[in-house]
Structures are given as C-alpha cells and as structure tokens.
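**Q** dropping a prediction and its sequence here:
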Amino acid sequence: MTDYGRSFAAWREAAGAWDDYVRHPFVQGLGDGTLPRQGFLRYLVQDYRFLIHFSRAWALGAAKAGTLAEMRACIVTVDALVNHEMPLHIRICAEAGISPEALEDAPEAPQNLAYTRYVLEAGYSGDFLDLLAALAPCVLGYGEIGLRLSREGATDSPYCDWIETYASEDYQRTCREVGALIDAAVAARLGGTPETLPRWAELAGRFATATRLEAAFWNLGLEK
C-alpha cells in the first residue's frame with residue numbers, strides 16, 4: 001500500500017471505482033506483457049495529448065494557489081510532467097516510428113476530451129482544492145500502479161520502462177509531495193477535521209469522477 005497522505009487515502013477508499021482504474025485489464029496487460037503493442041502505442045499517443053492539458057491544469061494550480069509553497073509545488077509538478085514524463089512518451093513512440101510532430105497533431109479521442117476538460121473545468125470554475133481533487137487520481141494512481149507492478153516482478157514485461165518510470169524513486173517522491181500538498185491545502189482551508197464538512201463530500205465526488213474518467217481512458221488501449 002502506498003502512503004500518499006491522509007486525504008488521498010480517504011478519497012481512494014470512497015471512490016468506489018478505484019480498483020476498476022488501478023487494476024483495469026489494460027494495467028494488468030502492462031504487468032504481464034500481454035497488452036498488444038499497437039494498443040499500448042494508441043494509448044501512449046493519447047496520453048501524450050492528455051499530458052499537455054494536464055500540465056496546463058497544474059500550471060493553473062500555481063495561479064489558484066494561496067501560498068508560495070503551493071505555487072512552488074505546482075510548478076515542480078509541471079516540470080516533472082513536461083521535462084521527464086512526456087519525453088518518455090516521445091522516446092517510446094519514436095522507436096515505433098511515430099514522430100513528435102505526429103504526437104502533436106494527433107486528434108484527441110472522446111475519452112481524452114472528456115477527462116481533460118473535466119479537470120480544467122474543475123480548476124476554472126472551482127478553487128484550489130477542486131483542482132487538486134480532480135488532478136489527484138492520475139498522478140497518485142500512476143504511482144500506485146507503477147509501484148505495484150514493479151513489486152510483482154514485471155521486469156520481464158516489454159513495458160518495463162513504462163512501469164519503472166512510475167515506480168522510480170523520483171516519481172514516488174513526486175507522489176509523496178503531491179499528497180503532502182493536498183493534505184496541507186485541505187488543513188489550511190477546511191481545518192483538522194475536514195471529513196465532517198459538506199465541502200469534503202464535494203471534493204471526494206470530484207476525485208471519484210476523475211477516477212471513473214481514468215478507468216475509461218485505459219479503454220483506448222483495448223479498442224480494436
């Protein structure tokens with residue numbers, strides 16, 4: 001079990017669809033190597049497009065932040081996405097003959113549009129906590145998935161580079177920092193017992209919706 005903070009643990013427990021996301025057949029195929037390569041590449045192209053919007057959402061977090069520490073945490077996450085995670089996509093796709101230009105020009109699938117616009121809408125119409133709740137399932141879920149698959153011995157999988165990116169200490173550190181950011185932001189705005197407030201249920205609902213959209217996103221890699 002990962003330890004990404006108190007808020008994440010509670011939202012994860014309440015999400016309902018969490019296992020549908022982190023143990024999706026696509027994820028299991030990554031771990032045991034049975035996922036068809038074309039399905040993985042189709043997912044990767046869409047995920048590259050997703051990360052562009054996801055980076056924008058974290059940049060929006062810097063504008064929504066209430067303190068310099070919150071701003072800094074959002075900017076560090078943008079750096080991790082743009083300068084570390086996205087280059088992995090570019091490298092793997094290049095090995096398969098997919099150019100950076102093709103990645104940039106790829107049309108967004110409906111699942112991608114639904115998820116990214118939901119996250120951005122949470123940021124534009126809501127506050128800093130709304131945005132964090134919508135962002136959390138992706139960054140923290142990938143950390144949980146990568147760590148679990150790595151521990152289960154997926155080193156022989158053709159997707160081990162992908163798995164080890166999210167199991168790596170660098171990415172796990174990012175997850176712990178994001179979890180700490182969420183806990184601190186919740187405490188600063190909702191106090192020490194946020195679970196007793198109606199606002200907490202709203203945030204848990206944001207997290208749950210984003211979790212369902214994450215699970216739907218995996219289906220891109222299973223389409224024929």
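**A** Received, thanks.

**Q** dihedrals phi and psi, Leu222?
**A** phi -110, psi -10 (degrees, to the nearest 10).

**Q** which residue is nearest the middle of this structure?
**A** Cys138 (1.6 Å; CA atoms, centre = their mean).

**Q** which ones are touching it?
**A** Contacts of Cys138 were listed using CB atoms under 8 Å, 6 or more residues apart in numbering, and they are Phe54, Ala210, Glu214. No exception for glycine: its C-beta is placed from N, CA and C like everyone else's.

**Q** tell me, what's the model's pLDDT at the residue of the chain most remote from its centre?
**A** Centroid-distance maximum for the chain: Thr196 at 27.0 Å, with CA atoms, centre = their mean. Per-residue pLDDT puts Thr196 at 96.

**Q** same deal with Thr2?
**A** In this prediction Thr2 is given a pLDDT of 84.

**Q** for Ser55, see how far away it is.
**A** 23 Å (CB to CB, to the nearest Å).

**Q** low-confidence regions, this structure specifically.
**A** 1 (pLDDT under 70).

**Q** mind running it again at 90?
**A** Residues of the chain that meet the criterion pLDDT under 90 lie in 1-2, 80, 84-85, 88, 153-157, 223-224.

**Q** scan it for its longest helix.
**A** helix 37-64 (DSSP state H).

**Q** now do whatever helix or strand Glu202 lives in against helix 37-64, angle only.
**A** According to DSSP states H and E, Glu202 maps onto helix 198-218. On the basis of axes from the mean of the first three to the mean of the last three CA atoms, to 10 degrees, helix 198-218 is oriented at 150 degrees to helix 37-64.

**Q** quick one: contacts of helix 198-218?
**A** 10-12, 14-18, 20-21, 24-27, 43, 46-47, 50, 111-112, 114-115, 118-119, 122, 126, 129-130, 133-138, 141, 186, 190, 194.

**Q** drop anything exposed from those residues.
**A** 10-12, 14-15, 17-18, 20-21, 24, 26-27, 43, 46-47, 50, 111-112, 115, 119, 122, 126, 129-130, 133-138, 141, 186, 190, 194 (16 or more other CB atoms under 10 Å).

**Q** so how far is Phe40 from the closest residue to Glu108 other than its chain neighbours?
**A** Of all residues not flanking Glu108 in the chain, Arg49 sits nearest, at 5.3 Å (CB to CB, 6 or more residues apart in numbering). Distance from Arg49 to Phe40, counting by CB to CB: 15 Å.

**Q** same deal with Val178?
**A** Relative to Phe40, Val178 is positioned 25 Å away (CB to CB).

**Q** ok, these two, which is more surrounded?
**A** Val178 (25 against 20; other CB atoms under 10 Å).

**Q** isn't the more buried one right up against Tyr4?
**A** Yes: using CB atoms under 8 Å, Val178 makes contact with Tyr4 at a distance of 7.1 Å.

**Q** overlap of the contact sets of the two?
**A** Common contact partners of Val178 and Tyr4 (CB under 8 Å, 6+ apart): Leu140.

**Q** quick check: buried residues in the helix holding Glu202?
**A** 200, 203-204, 206-218.

**Q** can you give me the strands for the chain?
**A** Using DSSP state E, the chain contains no strands.

**Q** and stretch 86-99, what's buried?
**A** Met86, Leu88, His89, Ile92, Cys93, Ile98.
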